[in-house]
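S.K.: build me a structure from this.
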Amino acid sequence: MRRALALLLIAGLLGAAGPAVAQGPIVAQFWYSFGGKNREVTEAHIKKFNESQSKYRIEGTFQGDYFQALAKIRAAAATKTAPAVFHVIGEAMPQLWQAGLFENLEPYAKGANGTNLEDFLPGQTQHTYFDYLGKPPAPLFALPFFRSTPILYYNAEMLQAKGVKVPTTWDELHDVAGKLTVREGSDVKVYGFEVPIDWWFWYAMLHEAGGSLLTADGKKAAFREKGAEALQFWVDLVNKDKTMKRPPGKDYNAWEVTNTDFLNQRVAMIYTSTAFLNYMTENAKFKFGTAFLPGKAKQAVPTGGTFFVIARDAPAPQKEAGWAFIKWMTDPAQTISLSKATGYMPIRTSAVNSPEMQDFYKQNPNYKTAIDQLRTAQRFPFSPGLIEIQREVIQPNLEAAVLGIKTSAEIMQAAEAKANEILGKQ
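M.R.: This is a model prediction of the structure:
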């Protein structure tokens with residue numbers, strides 16, 4: 001009897017206190033947009049982060065290209081089901097910040113588990129990516145992830161065979177493209193130059209021509225004259241000189257065609273992203289080089305790629321996990337391995353200056369071009385209308401000039417009027 005009572009007492013005590021229950025890791029979702037080799041690299045680093053500690057677990061999900069993922073983020077945010085951490089293109093960030101989607105990262109960056117913000121490369125951070133147009137900078141809500149610039153890729157063997165140098169100006173690009181074009185009768189066997197008819201490259205040329213997207217106060221569009229000059233350069237190369245191939249397709253389909261044409265030696269020079277450097281290096285059967293984009297009034301280049309952000313409406317533990325992941329992914333060791341595996345730029349000064357990266361650049365000088373070209377980087381205006389001007393005003397209308405549907409001047413005049421409508425609603 002006494003033994004039974006003792007057992008009951010012990011059971012009661014155990015029931016009241018409960019046995020020790022092992023707590024699992026805090027799980028947070030990460031949505032990303034990279035395909036192919038870059039997707040493999042991203043997933044490998046997510047796995048490595050999860051294996052590096054036991055407190056957090058990041059579950060990564062591929063969400064399509066940048067713009068497909070952006071649409072999904074907007075839909076998820078509307079129902080407060082956005083992932084704790086995701087990455088977005090810079091042009092979309094002012095609008096999403098104004099809509100209240102992003103967590104302020106300053107308390108995280110400056111907290112006990114913070115990071116050295118001074119070590120991030122100029123030209124790659126939120127505050128060096130944007131021109132705040134006389135307004136106070138927004139709080140820190142984004143850290144660089146995979147960051148890129150457009151660069152000139154050239155078939156070194158073709159240039160050597162024709163005895164021409166890598167072009168550094170628009171005039172030189174025009175002349176070299178003509179010399180590198182190979183014709184058989186009325187057919188073009190090899191084009192001298194190819195570039196996707198895309199906002200990113202147009203934005204570079206707008207600034208190279210001495211222009212800007214908006215006025216100094218950000219209230220009006222200012223790209224009509226110089227934007228038309230940039231677009232007309234393409235129009236003449238395609239239709240008049242017939243030395244530039246117009247890649248078919250929209251958005252990244254055109255980018256893929258351009259890359260494939262270069263690898264198949266159907267074109268001697270292309271503009272595309274430094275993000276494809278590893279892909280080109282692994283697949284090119286010829287010697288190629290990289291260089292700055294040729295300039296006109298000046299040399300200029302936009303930066304691209306994406307930034308890490310945390311969803312403001314995510315539960316606090318998931319935000320904590322998201323920050324731990326972002327901090328780890330942006331540490332020097334990870335940005336070095338990410339850059340070497342993809343071609344995207346390292347995002348920290350200490351990483352670029354490390355013996356490991358310096359030795360890598362000596363062995364692979366093509367990877368250094370984008371870093372050096374940052375000194376010509378042009379900022380984007382911090383305007384909520386920026387993504388609409390890009391996606392709805394400029395991007396869908398550029399090709400019409402190349403196809404001869406409208407003139408460059410007509411397209412830019414209409415685009416400027418539409419951009420001013422958007423800006424007027426802010």
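S.K.: where do the helices sit along the stretch 301-426 of the chain?
M.R.: For the stretch 301-426 of the chain, the helices defined by DSSP state H, counting those that start in this stretch cover 316-329, 332-342, 349-352, 355-363, 369-373, 386-388, 398-402, 408-424.
S.K.: out of those, the one nearest Gly163 is which?
M.R.: helix 369-373 (22.7 Å; CB to CB). Yep, even glycine has a C-beta here, placed from its N, CA and C like the rest.
S.K.: tabulate the helices of the stretch 301-426 of the chain (JSON lines), appending mean pLDDT, mean neighbour count and distance to Ala99.
M.R.: As requested, the helices of the stretch 301-426 of the chain are arranged in JSON lines below (pLDDT from 0 to 100; neighbours: other CB atoms under 10 Å; distance: least, CB to CB, whole Å):
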{"stretch": "helix 316-329", "mean pLDDT": "98", "mean neighbour count": "21", "distance to Ala99": "18"}
{"stretch": "helix 332-342", "mean pLDDT": "95", "mean neighbour count": "20", "distance to Ala99": "29"}
{"stretch": "helix 349-352", "mean pLDDT": "97", "mean neighbour count": "19", "distance to Ala99": "32"}
{"stretch": "helix 355-363", "mean pLDDT": "97", "mean neighbour count": "12", "distance to Ala99": "37"}
{"stretch": "helix 369-373", "mean pLDDT": "96", "mean neighbour count": "21", "distance to Ala99": "31"}
{"stretch": "helix 386-388", "mean pLDDT": "97", "mean neighbour count": "22", "distance to Ala99": "11"}
{"stretch": "helix 398-402", "mean pLDDT": "96", "mean neighbour count": "20", "distance to Ala99": "27"}
{"stretch": "helix 408-424", "mean pLDDT": "97", "mean neighbour count": "18", "distance to Ala99": "15"}
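S.K.: out of those, which comes closest to Ala268?
M.R.: helix 369-373 (17.5 Å).
S.K.: and the closest one, what does it pack against?
M.R.: strand 150-155, strand 288-291 (3 or more CB pairs under 8 Å, 6 or more residues apart in numbering; DSSP states H and E).
S.K.: could you redo the last one with a cut-off of 10 Å?
M.R.: strand 150-155, strand 288-291, helix 355-363 (3 or more CB pairs under 10 Å, 6 or more residues apart in numbering; DSSP states H and E).
S.K.: would CSV of the ones you listed with distance to Gln378 be doable?
M.R.: CSV is the format used below for the helices and strands packed on helix 369-373 (distance: least, CB to CB, whole Å):
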stretch, distance to Gln378
strand 150-155, 11
strand 288-291, 18
helix 355-363, 24
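S.K.: tell me where the stretch 151-300 of the chain has strands.
M.R.: Ranges of strands in the stretch 151-300 of the chain, per DSSP state E, counting those that start in this stretch, are 182-184, 187-194, 244-245, 267-273, 288-291.
S.K.: how far off centre is the last one?
M.R.: Spelled out, that is strand 288-291. 20 Å (CA atoms, centre = their mean, to the nearest Å).
S.K.: and what of the second one?
M.R.: Centre-to-centre, strand 187-194 and its host chain are 28 Å apart (CA atoms, centre = their mean).
S.K.: picking that back up, just put the helices of the stretch 301-426 of the chain in TSV and tack on distance to Thr125.
M.R.: Shown next, in TSV, are the helices of the stretch 301-426 of the chain (distance: least, CB to CB, whole Å):
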stretch	distance to Thr125
helix 316-329	13
helix 332-342	13
helix 349-352	11
helix 355-363	19
helix 369-373	15
helix 386-388	17
helix 398-402	29
helix 408-424	25
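S.K.: tell me which of those lies nearest to Lys72.
M.R.: Judged by CB to CB, the one of these that comes nearest to Lys72 is helix 386-388, at 15.1 Å.
S.K.: wait, isn't Lys110 in contact with Leu117?
M.R.: Yes - here Lys110 reaches Leu117: they are 8.0 Å apart, a contact under CB atoms under 10 Å.
S.K.: who's more crowded, those two?
M.R.: Leu117 (14 against 11; other CB atoms under 10 Å).
S.K.: tally of neighbours for the residue lying closest to that one once chain neighbours are set aside?
M.R.: Closest residue in space to Leu117, ignoring its immediate chain neighbours: Ala109 at 5.7 Å, by CB to CB, 6 or more residues apart in numbering. When neighbours are defined as other CB under 10 Å, Ala109 has 17 of them.
S.K.: how is the protein carved up into domains?
M.R.: 26-148+304-378, 150-302+385-424 (automatic domain parsing).
S.K.: point out where the chain drops to low pLDDT.
M.R.: 1-22 (pLDDT under 70).
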